[in-house]
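1. Whatever this is, show me its structure:
(2 chains)
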Amino acid sequence: MLFRRIYQFLIVYCLGVGLLLGVKYAAGLSDYVIPGPDLIAKTARAMASIYFFDGLNTLSVTILGQMISIAMAFSVGILGRKSSWAGSFIKVMAYNIQAYPIVALAPIIFILLGDGFLSRLLIASMICYFPLLLSVLGIMASPVKDIEHFYLATGRMRWQLEVKIRAFENLSKLITVISGSATLAMAGTIVAEFIAADAGIGYSIRIALYQSDLAKILTALFMIGILISVYQGLLETVGAQVKTKWSAPLGGELI
Amino acid sequence: MRFFYRAILIPVILVLGLSQAGAETIELDYRLKWLFNASVAGDILALEQGFFHRAGLDVTVKEGGPEKDAIKELELGYADFGVASADQVIRALDKGADVVVLAQIFQVNPMQWIYRDNQPEILTLSDLKGRHIGVTFGGNDETIMNTLLAKAGLGPGDVRISSVRFDFTPFLTKKVEIWPVYRNSQGVILEERLAREGEGVRFFNPAAFGVNFVANSVVTSKKTLKTRQGIVTAFVTALLEGWEFAMDPANEARVLEEIGKKNKGTQGGIRSMQLAATRDLVRPSKSMPIGKIDVKAWEQTEAIMVKERQVKGPVNILSRLELR
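-> As a prediction, the model looks like this:
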């Protein structure tokens, strides 16, 4: 799963760069508009290690932000799963806040938290949290009638059991949502770094943009792609293992 | 009747048709460096006061922005003329772009630093020692500040440098002492805002300390210059007429009216102050012609960029300046 993610990314990246180079040579553009293979390779050699550590810095905030988002989304999703006023209020709030551009909210965040680690973490969590919350709410608010009916009828239904049943029955969906939210958390962190941070790959991209240096941006995009592919691949692998363990009967084998 | 058609009507129609064709305006796209405000007053007035039209040009003046790059647009064919900063021009030449400079709008770079007047005044470059200075890493203010510090013989430990971005909070909250601004836009806004709080400001202008890093200039591709020389001349002439008009204090009301139509987000009083600040940068002395290319400043800018390793080596900038 991990290797599939990486080679799929490499295919997409190479196709993208190939398309750019095709445009460059077809239109006879200079290296200032689209850098040639030599310049890309030279820049990649010079910047790879710097951008790798910048990327790791971003990924560390991404992972932390995503974990916070998952914890919050599950807490709120479980609390708001009943089709009550609170559930619908949470949904409306999530939809509304998603509609706000983070660049407009950023100055408020920076005034409250400064422009360091906490702001990056909060913006990453915000961008990742709301889509995650809506998915979790959707899953947790949908009863699995066939199974739940038995426990309801026998009076043995507890909220913990209800959550377990719904999570188990939608495990594939939940794993896909969690793995997909890694991309959102990464995008959120990069946006935060781009707007106002002095560390991370988003900050490096901003500097490269100031210098109109597309070769540096392509190198940074490569690092982002590789790191997020590895992280998502690992999440999917862990997800598959969790699924296998949950699905197998205690002490028995999976059929 | 047939004679009338052949001898009179047809020639008349032909002559009218040809003269009509000759009067057709030439469509051009002009990409600015930044958003519509007082710092592009001349560009706006060249259009709105009819200077382009009278030169037979139908110019679309396109607003710039942080992600807009006029030199790239020239090469991609999205623009015929544009405004670019000197560092953009030199970087582009370093990477093989085919760009020429037609006119230099700002004789003094608007990129300056603001600080409160209750702080020690910067009278010599060594006064920067121990100060907390903001720079935009990767921006041309970083290059300028590095040059100033090197000139003062100050090392990295002698000053405290902080990364700067879009919002002014670190300066307003006094976390950073000396903050980079565009003198005629953000500088005016900050000056006015702090004045309301009873605080005065000063501006630190690198040009006053011998660092003349060229700012915005009008550019086109060398190919356009060669193949459409008449149009280039007509465009530059009309554009500079627009700037002459816009920088004349006698036309202030008309200029502010046109800027106000395009820049509704800025208050009238601020726009007026921005226009006054722009005048000082575009025409520092009455005798100076608008658009003059300051060759020495360009040479210095190139030398700074080479020294700061912003480019691989000299780009022979003098060969790219179209001195009128």
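2. where does chain A dip in pLDDT?
-> Along chain A, the parts satisfying pLDDT under 70 run over A:82-84, A:87, A:115, A:196, A:247-255.
3. what are the ranges of the helices in the chain?
-> If you meant another chain, say so; for now it's chain A. Remark: helices assigned in chain A by DSSP state H are A:2-27, A:37-79, A:85-99, A:102-113, A:117-140, A:145-153, A:159-169, A:171-196, A:201-210, A:214-247.
4. Switch to chain B, please.
-> Assigned by DSSP H, chain B shows helices spanning B:2-3, B:10-22, B:41-48, B:51-54, B:70-76, B:86-94, B:140-152, B:169-172, B:186-196, B:222-227, B:229-247, B:252-262, B:268-282, B:295-307.
5. Just give the number of residues close to the residue in the stretch 201-324 of chain B positioned nearest to chain A.
-> Relative to chain A, the nearest point of the stretch 201-324 of chain B is residue B:310 (7.4 Å; C-beta to the nearest C-beta). Quick note: C-beta positions are derived from backbone N, CA and C, even for glycine. The local packing of residue B:310 (other C-beta atoms under 10 Å in any protein chain shown) involves 19 other residues.
6. Quick check: chain neighbours aside, which residue is closest to it?
-> residue B:143 (6.2 Å; C-beta to C-beta, 6 or more residues apart in numbering or on different chains).
7. Who are the contact partners of residue 170?
-> Let's take chain A. Residue A:170 makes contacts with A:139, A:142, as judged by C-beta atoms under 8 Å, 6 or more residues apart in numbering or on different chains.
8. Can you look at chain B instead?
-> Shown in contact with residue B:170 (C-beta under 8 Å, 6+ apart): A:115, B:134, B:162, B:164, B:176, B:179.
9. Would you pull up the residue in chain B closest to chain A?
-> Of all residues in chain B, residue B:138 sits closest to chain A, at 3.1 Å by C-beta to the nearest C-beta.
10. Nearest residue to residue B:25 in space, please, no chain neighbours.
-> Nearest residue to residue B:25, sequence neighbours excluded (C-beta to C-beta, 6+ apart): residue B:58, at 4.1 Å.
11. Pretty sure residue B:213 is one of the things the residue nearest to residue B:310 touches, is it not?
-> Yes. Counting by C-beta atoms under 8 Å, residue B:143 touches residue B:213, with 7.1 Å between them.
12. Mutual contacts of these two, please.
-> Common contacts of residue B:143 and residue B:213, defined by C-beta under 8 Å, 6+ apart, comprise B:87, B:304.
13. got the residues of chain B near chain A?
-> Proximity of chain B to chain A (C-beta under 8 Å from any C-beta of the partner chain) is limited to residues B:66-67, B:69, B:71-72, B:75-76, B:88, B:91-92, B:94-98, B:136-139, B:162-163, B:165-167, B:169-170, B:310.
14. So how do I select the buried members of the residues you listed in PyMOL?
-> The following PyMOL line selects those of the residues of chain B next to chain A that are buried, judged by 16 or more other C-beta atoms under 10 Å in any protein chain shown:
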select buried, chain B and resi 69+71+72+75+88+91+92+94+95+97+98+136+137+138+139+162+163+165+169+170+310
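15. OK, contacts around the closest residue to chain B within the stretch 101-250 of chain A?
-> Proximity of the stretch 101-250 of chain A to chain B (C-beta to the nearest C-beta) peaks at residue A:207, 3.1 Å away. Each residue near residue A:207 by C-beta under 8 Å, 6+ apart is listed here: B:137, B:138.
16. Name the residue closest to the centre of the chain, please.
-> Picked chain A for this. residue A:182 (2.2 Å; C-alpha atoms, centre = their mean).
17. Chain B was what I was after
-> Nearest to chain B centroid, counting by C-alpha atoms, centre = their mean: residue B:216, 3.0 Å.
18. can I assume that one is in contact with residue B:82?
-> No. Counting by C-beta under 8 Å, residue B:216 does not reach residue B:82; the two are 10.0 Å apart.
19. Overlap in contacts, these two.
-> By the contact definition C-beta under 8 Å, 6+ apart, residue B:216 and residue B:82 are jointly contacted by residue B:33.
20. Residue ranges in chain B under the pLDDT threshold?
-> Low-confidence segments of chain B, defined by pLDDT under 70, span residues B:1-23, B:166, B:324.
21. To residue A:52, which of the helices of chain B lies closest?
-> helix B:140-152 (23.3 Å; C-beta to C-beta).
22. In terms of secondary structure, what does that closest one contact?
-> strand B:111-116, strand B:132-135, helix B:295-307 (3 or more C-beta pairs under 8 Å, 6 or more residues apart in numbering or on different chains; DSSP states H and E).
23. For residue 103, the count of nearby residues, please.
-> Chain wasn't specified; assuming chain A. 13.
24. that's the wrong chain, I meant chain B
-> Count around residue B:103 with other C-beta under 10 Å applied: 23.
25. do you know how far it is from residue B:83?
-> As judged by C-beta to C-beta, to the nearest Å, residue B:103 and residue B:83 stand 10 Å apart.
26. Need the residues touching each of these two.
-> Common contacts of residue B:103 and residue B:83, defined by C-beta under 8 Å, 6+ apart, comprise B:217, B:218.
27. CA atoms of stretch B:186-199 as PDB?
-> Extracted in PDB, the C-alpha atoms of stretch B:186-199 (Å, rounded to 0.1, in the frame of the first residue of the first chain):
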ATOM      1  CA  GLN B 186       1.400  51.100   3.600                       C
ATOM      2  CA  GLY B 187       3.700  53.800   4.900                       C
ATOM      3  CA  VAL B 188       1.000  56.400   4.600                       C
ATOM      4  CA  ILE B 189      -1.600  54.100   6.200                       C
ATOM      5  CA  LEU B 190       0.600  53.300   9.200                       C
ATOM      6  CA  GLU B 191       1.700  56.900   9.600                       C
ATOM      7  CA  GLU B 192      -1.900  58.000   9.700                       C
ATOM      8  CA  ARG B 193      -3.000  55.200  12.000                       C
ATOM      9  CA  LEU B 194      -0.200  55.900  14.500                       C
ATOM     10  CA  ALA B 195      -0.800  59.600  14.400                       C
ATOM     11  CA  ARG B 196      -4.400  58.900  15.600                       C
ATOM     12  CA  GLU B 197      -2.800  57.200  18.600                       C
ATOM     13  CA  GLY B 198      -0.600  60.200  19.200                       C
ATOM     14  CA  GLU B 199       2.600  58.500  17.800                       C
END
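28. Could you list the buried residues of it?
-> Across stretch B:186-199, burial judged by 16+ other C-beta under 10 Å covers B:186, B:187, B:188, B:189, B:190, B:191, B:194.
29. Adding distance to residue A:193, write these out as JSON lines.
-> As requested, the buried residues of stretch B:186-199 are exported to JSON lines (distance: C-beta to C-beta, whole Å):
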{"residue": "B:186", "distance to residue A:193": "23"}
{"residue": "B:187", "distance to residue A:193": "27"}
{"residue": "B:188", "distance to residue A:193": "30"}
{"residue": "B:189", "distance to residue A:193": "26"}
{"residue": "B:190", "distance to residue A:193": "25"}
{"residue": "B:191", "distance to residue A:193": "30"}
{"residue": "B:194", "distance to residue A:193": "29"}
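30. List the buried residues of stretch B:228-246.
-> For stretch B:228-246, the buried set under the neighbour-count rule, 16+ other C-beta under 10 Å, comprises B:228, B:231-232, B:234-246.
31. I would like the residues contacting it, please.
-> Residues contacting stretch B:228-246 (C-beta under 8 Å, 6+ apart): B:26, B:28, B:30, B:41-47, B:49, B:51-52, B:54-57, B:59, B:80-81, B:102-103, B:105, B:218, B:220, B:224-225, B:251, B:255, B:275, B:282, B:290-291, B:324.
32. ok, now with 6 Å
-> Residues outside stretch B:228-246 that contact it (C-beta atoms under 6 Å, 6 or more residues apart in numbering or on different chains): B:26, B:41-42, B:45-46, B:49, B:51-52, B:55, B:81, B:102-103, B:225, B:251, B:255, B:290-291.
33. got it, and stretch B:259-274?
-> The contact list for stretch B:259-274, computed with C-beta under 6 Å, 6+ apart, reads B:36, B:37, B:38, B:41, B:184, B:185, B:188, B:256.
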